[in-house]
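Novice: What would the 3D arrangement of this be:
(one chain, ligands or ions: 1)
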Amino acid sequence: MGMDTLGCFNIADLREKARRRLPLGVWEYLERGVEDETGMDRNRSAFDGLTFRPRVLRKVDAIDTRTTIFGQESALPFAIAPTGAAGIMWYRGDHDLARAAAAAGIPFTISSASTMDVEEFADLGGNRWFQLYLWENRELSHDVVRRAHEVGCEALFVTLDLPVPPNREYLAHNGFGMPFALNRRNLPDILAHPRWLTGVIGRYMLSGGIPKQANLPKAMKHSVIRGAKPGALFKQDDLDWDGIKRLRDIWQGAFVLKGILHPDDARMALEVGADGVVVSNHGARALDHSVAAIDALPEVVEAVSGKMTVLLDSGIRRGSDIVKALALGADGAMVGRATLYGLAAAGEPGVARAIDLLGDEVSRTMAMLGLSSIDQIDRAALG
Ligand code: FNR
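Specialist: All right, here's what the predicted structure looks like:
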């Protein structure tokens, strides 16, 4: 495992560092859920309720954590999930996420709500995926998909669990708006976080200004810091399976539907020609009382496993969570907040540290279970 230089020995340590560094509005955007915010605890308690049944004397001196996802090798059985507005947590933060992922040999997913254009990832190397929210003008959405293909993205993830904007009431309470309006109400808090102010906002000011929602069509671009009108970032309440079929037809790479929790939707995904699904409740940021993704996983696996790739996210904070998802039949996992905590704490070294910690935990958990390779992880590991 990489050396610790941050004094952080698990994801919770990175989270605490991130929390102290960020102004309230940015921190709450990273961390919080929706409405009564029951979802994050549910995601955690679902993982915590699963236990392992280790086997002994299985010679675990050579643990191999590599696996293949969409035909590409990944050094570890997880990828970085798409997270919009990472550029407000760290100066050009998406670059740090992408670079750390490439260095660790795991896939990185560019968010269509990123503050950076897809073209800015072209030279970073590594295995890249692209996530899409659809805008009202579907032609413009299809354009960005073509651009993602041109810069070498190997998979397209279409996020389906936000047919309408989520109810983030904390945005109204914390005075930051959606999500980063600078105003008299939040100015004292922003001034109380000088490292963020100089390290993020200061550097943008010196290099051409505050970031925009980069992948947005030109006519819709606007400053993230000034805030977006609700619904400006996407419009997909009129999307149905026919719309998904059209996207499938224009994308040559792996086609993945993100935010699936029902086995019948997974079967439909298979029918429209998807190569994979992400079992996800969006990290409890969409519908508060959604079933925990890890609880919904077994039925989805039963419906489509072997016929398509099944990934899982929502609530992963330890390598052991990833091993649990694999034990229940997932082909891999994705992490959202875990790597963002690393990013907000320390930029690229922080992301590298988060990946290292999770990878080391995966490897140690496998050894404890008597399992030497990813394909040996199955239900027998749980008990
Ligand atoms: C997200 N997520 C997300 N998903 C997506 O498809 N497009 C996006 O732009 C974003 N943006 C985003 C921002 C932030 C700050 C977070 C925390 C999450 C959801 C993300 O891809 C993933 O599903 C969850 O983060 C997984 O849950 P954990 O790992 O955060 O618990």
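Novice: Contacts only, for residue 376.
Specialist: With C-beta atoms under 8 Å, 6 or more residues apart in numbering as the criterion, no residue contacts residue 376. C-beta here means a position set from N, CA and C on the backbone, and glycine is covered the same way.
Novice: got a pLDDT number for the residue located most distally from the centre of the chain?
Specialist: Using C-alpha atoms, centre = their mean, the residue of the chain lying farthest from its centre is residue 57. It sits 36.4 Å away. What the model reports for residue 57 is a pLDDT of 98.
Novice: got the phi/psi numbers for the residue of the stretch 201-350 of the chain found nearest the ligand?
Specialist: Nearest to the ligand, among the residues of the stretch 201-350 of the chain, is residue 336, at 1.9 Å (C-beta to the nearest ligand atom). In terms of degrees, to the nearest 10, the main-chain angles of residue 336 are phi -100, psi -70.
Novice: Disregarding residues adjacent in the polypeptide, which is nearest to it?
Specialist: When the adjacent residues along the chain are set aside, residue 336 lies closest to residue 81, with 4.2 Å between them (C-beta to C-beta, 6 or more residues apart in numbering).
Novice: Likewise for residue 325?
Specialist: Using C-beta to C-beta, 6+ apart and skipping the chain neighbours, the partner closest in space to residue 325 is residue 312 (4.4 Å).
Novice: Repeat that for residue 380.
Specialist: Counting by C-beta to C-beta, 6+ apart, residue 53 is the residue found nearest to residue 380 once chain neighbours are left out, at 7.5 Å.
Novice: Count residues in the vicinity of residue 156, would you?
Specialist: Taking other C-beta atoms under 10 Å as the criterion, the count of residues near residue 156 is 25.
Novice: Identify the residues contacting residue 52.
Specialist: Shown in contact with residue 52 (C-beta under 8 Å, 6+ apart): 320, 323-324, 365, 368-369, 381-383.
Novice: Let me fix that, I meant to ask about residue 46.
Specialist: Going by C-beta under 8 Å, 6+ apart, residue 46 touches 292-295, 315.
Novice: Can you tell me how far it is from the ligand?
Specialist: 12 Å (C-beta to the nearest ligand atom, to the nearest Å).
Novice: host element of that residue?
Specialist: In the assignment (DSSP states H and E), residue 46 maps to helix 39-48.
Novice: circling back to that earlier point, is it true that the residue nearest to residue 336 touches residue 334?
Specialist: Yes. Counting by C-beta atoms under 8 Å, residue 81 sits close enough to residue 334 to count as a contact (3.9 Å).
Novice: Output the set of residues of the stretch 1-150 of the chain in proximity to the ligand.
Specialist: Neighbours of the ligand within the stretch 1-150 of the chain, by C-beta under 6 Å from any ligand atom: 29-30, 81-84, 111, 113, 131.
Novice: wait, I meant the stretch 201-350 of the chain
Specialist: Going by C-beta under 6 Å from any ligand atom, the residues of the stretch 201-350 of the chain near the ligand are 258, 280, 282-283, 285, 313-316, 335-338, 340.
Novice: Now, these that are in helices?
Specialist: Among these, the members falling in helices (DSSP state H) are 337-338, 340.
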